[in-house]
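Trainee: for reference, the sequence and a predicted model appear below.
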Amino acid sequence: MVTANLRDAQVEVNLAAIRHNVAAQRQAMPAGNRIFGVVKANAYGHGAVAVAQDLSSAGIDGFCVAALDEGLELRQAGLTELILVLGITPVQYAGTAAENDISLTVGDVDWLKAYQQLAHAVSIPKPLKIHLGFDTGMGRIGFTEPALLKEALELLKDPVFEFEGCFTHFATADEANDAYFKQQIARWHELLAVLPTLPPYVHMANSATGLWHPDQITGNTVRMGISMYGLNPSGTVLPATLDLQPALAVTARLTFVKQLKAGRSVSYGATYTAKQDEWIGTIPVGYADGYTRQLSGYQVLINGQRCDLVGRVCMDQMMVRLPQELPVGTKVTLLGRDGNDEITATELAEKTGIINYEILTSLSPRLKRIYKS
Ligand SMILES: *Cc1c(COP(=O)(O)O)cnc(C)c1O
């Protein structure tokens with residue numbers, strides 16, 4: 001998809017906020033612990049390469065991505081830190097990971113055997129770095145049985161592999177009730193006990209664990225995702241324990257302003273009709289940019305004031321009722337702070353029945369990203 005560089009609509013990313021959030025997490029952990037910046041899904045919409053480059057100069061310990069291609073994007077941009085693919089990579093692509101020094105997650109013995117065969121057949125020059133995933137209750141990927149984990153450890157002695165890490169992932173670390181979290185912790189310790197020696201990276205904390213269970217963290221590395229971008233993983237369920245600063249805003253400028261006469265309507269379905277003469281502005285952003293149609297009738301900020309969207313959000317444009325006639329080019333904040341008011345991703349998520357993560361990752365590549373360092 002093309003990026004609309006020649007349009008007054010953008011995602012604004014404040015890199016200093018991301019650095020601030022990482023520093024806050026670092027301060028809250030024992031000295032010597034490491035932080036992997038989770039930059040999957042284009043760094044939760046913030047732009048993976050720009051965020052990773054900035055974190056790299058600020059001294060991050062590694063990056064996590066979801067798919068091998070995302071790791072390759074970072075290597076091609078010149079990043080030299082550890083890069084871990086959190087999802088399962090098809091064995092036939094694993095040689096590409098080894099060649100590019102990208103670490104892969106493995107959750108079963110058959111995968112290791114298949115790679116062993118492949119690596120011996122085609123002789124891949126570098127060992128493949130492996131992080132074993134432990135499924136302690138997320139029910140997604142990873143080892144659950146100690147016996148199979150033991151078998152995996154035997155296979156990892158083959159020099160085609162380098163056993164670099166092991167980790168687990170929590171399903172309920174952002175909830176007030178920690179009973180399930182505690183069960184997962186117990187299984188984590190059971191599986192860790194199978195390892196005669198620990199690999200260099202032992203990681204179990206996502207953002208929520210880093211925020212609400214710092215005393216339960218064993219291992220030496222936190223995988224920081226949503227909290228790095230300044231958002232609360234629980235939405236509004238639990239108060240954040242760190243001073244998190246949201247890093248992302250979405251802004252645009254009015255492209256068209258008109259007076260709508262009483263009785264005239266706006267947008268598809270003509271669902272909105274003016275009761276009196278009023279001023280309407282057009283914003284050059286729509287649902288194809290990730291501003292969901294479910295936000296039809298919601299609010300944006302103009303000159304620090306909330307203004308109602310009117311009519312349905314279109315694919316590429318939407319309309320707002322203005323408090324008075326305002327010039328074309330007036331700034332509109334769809335997400336972020338303007339004056340004393342702020343529309344957060346969490347607020348938009350609650351309005352639409354999704355989570356703040358999804359608001360961020362929905363922002364399409366058509367919206368240009370601009371950075372403030
Ligand atoms: C996405 C992901 C994370 C980051 O999660 P946050 O809630 O954003 O901190 C960490 N670990 C794994 C395995 C993930 O898939």
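Mentor: It's in.
Trainee: so which residue of the stretch 201-350 of the chain comes closest to the ligand?
Mentor: Of all residues in the stretch 201-350 of the chain, residue 225 sits closest to the ligand, at 2.1 Å by Cβ to the nearest ligand atom. Any C-beta I mention is one placed from the backbone N, CA and C, and that applies to glycine too.
Trainee: what's around that residue, how many residues?
Mentor: 24 (other Cβ atoms under 10 Å).
Trainee: over to the residue nearest to residue 335 when sequence neighbours are not counted. Which of the three states is it?
Mentor: The shortest distance from residue 335 to any residue other than its chain neighbours is 4.1 Å, reached at residue 250 (Cβ to Cβ, 6 or more residues apart in numbering). Secondary structure state of residue 250, per DSSP: H, G, I helix; E, B strand; the rest coil, is strand.
Trainee: what pairs with the closest residue to the residue of the stretch 201-350 of the chain closest to the ligand other than its chain neighbours across the strands?
Mentor: Of all residues not flanking residue 225 in the chain, residue 38 sits nearest, at 3.7 Å (Cβ to Cβ, 6+ apart). Beta-bridge partners recorded for residue 38 (DSSP bridges): residue 64.
Trainee: let me see the ranges of the helices in the stretch 51-200 of the chain.
Mentor: For the stretch 51-200 of the chain, applying DSSP state H, counting those that start in this stretch gives helices covering 68-76, 94-99, 109-122, 146-155, 179-192.
Trainee: just tell me which of the ones you listed ends up closest to residue 367.
Mentor: helix 68-76 (18.3 Å; Cβ to Cβ).
Trainee: show me how far the closest one is from its chain's centre.
Mentor: The chain centroid and the centroid of helix 68-76 are separated by 16 Å under Cα atoms, centre = their mean, to the nearest Å.
Trainee: equivalent analysis for stretch 47-63, please.
Mentor: Counting by Cα atoms, centre = their mean, stretch 47-63 is centred 14 Å from the centre of its parent chain.
Trainee: quick check: end-to-end length of that stretch?
Mentor: 13 Å (Cα to Cα, to the nearest Å).
Trainee: returning to what we had before: OK, contacts around the residue of the stretch 201-350 of the chain closest to the ligand?
Mentor: 38, 40, 44, 64, 206-207, 233 (Cβ atoms under 8 Å, 6 or more residues apart in numbering).
Trainee: cool, thanks, signing off.
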